[in-house]
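[1] pasting the structure only:
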């Protein structure tokens with residue numbers, strides 16, 4: 001029986017590795033490509049040696065050549081946390097532009113369906129709330145976060161250009177804050193930072209007064225939504241995330257409660273252009289894909305904290 005083949009760029013990263021698991025579970029062969037700047041082979045070590053899985057250490061900003069027949073390309077290569085893209089600004093811009101161009105070129109050559117991992121950051125510091133796909137965003141192109149925001153906005157534009165001009169079959173997912181096992185403790189995002197500090201008994205550092213909001217989606221829910229989008233006929237962007245909104249201060253309090261730590265919350269300066277609110281409008285995903293998140297935050301947090309306990313050096 002024929003097994004379709006999917007390429008996952010950034011497949012050794014947090015989201016990419018879970019996506020490799022999902023595609024294999026759905027009966028596909030998977031080719032994982034990652035240059036390991038922010039990815040880690042530990043995330044895919046359980047897949048090594050499988051007949052239906054290949055890993056190539058490679059920089060997708062260079063020309064991509066694969067002899068295999070390819071059915072799907074999922075472009076997830078990119079630094080994705082503030083600490084990463086602030087330290088790797090040029091690489092972030094290159095993978096969003098040149099990397100997307102090379103991955104789309106491969107999709108065109110192989111007549112493969114292409115799915116772009118975009119982000120809620122295309123909405124910037126939003127002037128509307130919650131954010132729906134028709135909103136064009138409020139982004140500072142020359143601010144420190146602009147390297148990530150604009151790379152993703154450009155990659156969306158390029159994806160739609162290939163769709164309209166070359167007829168490439170494309171999908172765009174706008175991913176909102178996601179968490180779960182295989183996140184890096186040091187990636188600078190609120191959840192691993194808070195959990196790491198709590199498990200070590202350190203004070204929990206909250207930016208600003210903690211009134212800014214986020215909406216956290218468990219990684220298992222996210223990859224289910226991405227797979228449904230990949231298998232759908234929808235070519236316009238679709239938000240995938242959990243609309244359950246919480247302030248960062250409340251979230252820090254939740255982490256303290258679940259971990260049982262004696263950590264206290266301390267407040268520090270808010271980073272430049274940090275979004276004040278973030279909540280997806282998932283009406284489109286519900287209507288078109290029949291998708292909505294199932295894992296509530298307390299359940300997902302327990303799973304994630306158990307993972308961090310297994311890797312943290314106390």
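    All right, it came through fine. No experiment lies behind these values; they were computed from the predicted model shown.

[2] do a quick rundown of the helices in the stretch 1-150 of the chain.
    14-25, 82-87, 89-94, 100-110, 146-166 (DSSP state H, counting those that start in this stretch).

[3] out of these, the one nearest residue 249 is which?
    helix 82-87 (18.6 Å; C-beta to C-beta). Bear in mind the C-beta positions are built from the backbone N, C-alpha and C, glycine included.

[4] can you redo the helices of the stretch 1-150 of the chain as a markdown table with mean pLDDT and distance to residue 75?
    Below are the helices of the stretch 1-150 of the chain laid out as a markdown table (pLDDT from 0 to 100; distance: least, C-beta to C-beta, whole Å):
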| stretch | mean pLDDT | distance to residue 75 |
| --- | --- | --- |
| helix 14-25 | 98 | 10 |
| helix 82-87 | 90 | 16 |
| helix 89-94 | 97 | 13 |
| helix 100-110 | 98 | 4 |
| helix 146-166 | 97 | 8 |
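
[5] return the most buried member of those helices.
    helix 14-25 (a mean of 23; mean count of other C-beta atoms under 10 Å).

[6] how distant is that helix from the center of its chain?
    Centroid separation between helix 14-25 and its chain, computed with C-alpha atoms, centre = their mean, to the nearest Å, is 12 Å.

[7] ok, stretch 251-266 next?
    25 Å.

[8] for it, which residues meet the burial criterion?
    Under the neighbour-count criterion of 16 or more other C-beta atoms under 10 Å, stretch 251-266 has 251, 252, 253, 254, 255, 256, 258, 259, 261, 263, 265 buried.

[9] just the ones of the residues you listed in helices?
    Of the buried residues of stretch 251-266, the ones assigned to helices by DSSP state H are 251, 252, 253, 254, 255, 256, 258, 259.

[10] nearest to residue 186, of those?
    Of those, the one sitting nearest to residue 186 (C-beta to C-beta) turns out to be residue 255, at 16.6 Å.

[11] my understanding was that that closest one contacts residue 202; is that so?
    No - using C-beta atoms under 8 Å as the test, residue 255 is too far from residue 202 to be in contact (12.0 Å).

[12] what does the one helix or strand residue 304 maps to contact?
    According to DSSP states H and E, residue 304 maps onto helix 297-311. By C-beta atoms under 8 Å, 6 or more residues apart in numbering, the residues outside helix 297-311 that reach it are 179-183, 185, 191-192, 195-196, 199, 216, 218, 242, 244, 246, 254-255, 258-259.

[13] make CSV out of the helices of the stretch 1-150 of the chain and add distance to residue 292.
    Shown next, in CSV, are the helices of the stretch 1-150 of the chain (distance: least, C-beta to C-beta, whole Å):
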stretch, distance to residue 292
helix 14-25, 17
helix 82-87, 28
helix 89-94, 31
helix 100-110, 28
helix 146-166, 23
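
[14] wait, which of these is closest to residue 7?
    Nearest of the helices of the stretch 1-150 of the chain to residue 7, taken as C-beta to C-beta: helix 100-110 at 7.2 Å.

[15] centre of the chain to that closest one, how far?
    20 Å.

[16] and if you look at stretch 210-219?
    With C-alpha atoms, centre = their mean, you get 14 Å for stretch 210-219.

[17] then stretch 119-135?
    Taking mean C-alpha positions (C-alpha atoms, centre = their mean), stretch 119-135 and its chain are 16 Å apart.

[18] could you tell me the end-to-end distance of that stretch?
    13 Å (C-alpha to C-alpha, to the nearest Å).

[19] related to what we said a few turns ago, the contacts of helix 297-311 in strands, which ones?
    179, 218, 246 (DSSP state E).

[20] so the first one makes contact with residue 221?
    So the one you mean is residue 179. No - the pair residue 179 and residue 221 fails to qualify as a contact (C-beta under 8 Å) at a distance of 10.5 Å.
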